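**Student:** the sequence isn't on hand, but the structure is:
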């Protein structure tokens, strides 16, 4: 039982025992102090509990990206909050001239990369960047690659209000990797949609270094014509300086 509880009970017992106005005022004061202490204790408890939970967080993530016309990269991110250095990055560069063929499997959820040395690599659609990657497979090198499957997949996409890309599938944007407003944590916490969109636009378009130009371009996805940037460039740069520079 937290200490503030006993503070309030102690004040109540004193008022009942003595029964005069001074003690009643004392009880009111003690109760107020007790409530403040209870509030602070609960905040501290939640913060400590959250810190313990975060220290147990760990995950492995894969991101695939065409970096140049000659190769693509698979980045493996190993995060473990319990480590002194929580992030471990591992990049694998794959050059197109080593690849014999690129095909979809029967489920159309995996991409099969067959190498000239007969090795095979499976790229599942759970990899971040997968949908952009299939749009960038060089047709001049792999003329049998089924672009109709790509076109059919892209027809399922909806517009993202955050980054402007027509890249939303299953309530997640596959360009900026944000949840749509309807399924976001911010909505559950009572945040307004416009505030959520502004915050995510600031975060997504922020620059990593001072002097870096703002980039609103899209690599693989089409742009939503009615998209609106809800923050100014000055606001993005200010946000960048506060959180990234």
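**Tutor:** Good, I have the coordinates. Quantities reported herein were computed from a predicted structural model and do not represent experimental measurements. Residues are numbered from 1 along each chain as shown.

**Student:** which stretch of helix or strand covers the closest residue to residue 161 other than its chain neighbours?
**Tutor:** The shortest distance from residue 161 to any non-neighbouring residue, by C-beta to C-beta, 6 or more residues apart in numbering, is to residue 197 (5.6 Å). Every residue, glycine included, has its C-beta placed from N, CA and C. Using DSSP states H and E, residue 197 sits in helix 193-205.

**Student:** quick one: low-confidence ranges for the chain?
**Tutor:** Per-residue confidence for the chain (pLDDT under 70) gives these ranges: 1-32, 34-56.

**Student:** which residues of it fall in strands?
**Tutor:** 58-66, 71-80, 87-95, 99-104, 110-115, 120-124, 158-159, 166-169, 172-173 (DSSP state E).

**Student:** can you give me the helices for the protein?
**Tutor:** Taking DSSP state H, the helices of the chain run over residues 3-18, 21-54, 130-135, 147-154, 185-188, 193-205, 233-243.

**Student:** the last one packs against which elements?
**Tutor:** Okay, so that is helix 233-243. Under the contact definition 3 or more C-beta pairs under 8 Å, 6 or more residues apart in numbering; DSSP states H and E, helix 233-243 sits against helix 193-205.

**Student:** buried ones in the helix it packs on?
**Tutor:** 196-205 (16 or more other C-beta atoms under 10 Å).

**Student:** look up how far residue 168 lies from the nearest residue to residue 111 once chain neighbours are set aside.
**Tutor:** Nearest-residue entry for residue 111: residue 123, 4.3 Å, with adjacent residues in sequence omitted and distances by C-beta to C-beta, 6+ apart. Per C-beta to C-beta, to the nearest Å, residue 123 is found 21 Å from residue 168.

**Student:** count of neighbours near residue 96?
**Tutor:** 17 (other C-beta atoms under 10 Å).

**Student:** picking that back up, among the buried residues of helix 193-205, which one lies nearest to residue 162?
**Tutor:** Residue 162 has its nearest neighbour among those in residue 200, at 4.7 Å by C-beta to C-beta.

**Student:** pretty sure the closest one is touching residue 180, no?
**Tutor:** No: Residue 200 lies out of contact with residue 180 (C-beta atoms under 8 Å); the separation is 10.4 Å.

**Student:** and the chain, what are its domains?
**Tutor:** 3-53, 55-143, 157-245 (automatic domain parsing).

**Student:** winner for burial among these?
**Tutor:** domain 157-245 (a mean of 15; mean count of other C-beta atoms under 10 Å).

**Student:** contacts for stretch 143-152, please.
**Tutor:** 101-104, 108, 134-135, 137, 139 (C-beta atoms under 8 Å, 6 or more residues apart in numbering).

**Student:** what are the buried residues along that stretch?
**Tutor:** Per 16+ other C-beta under 10 Å, stretch 143-152 contains these buried residues: 145, 150.
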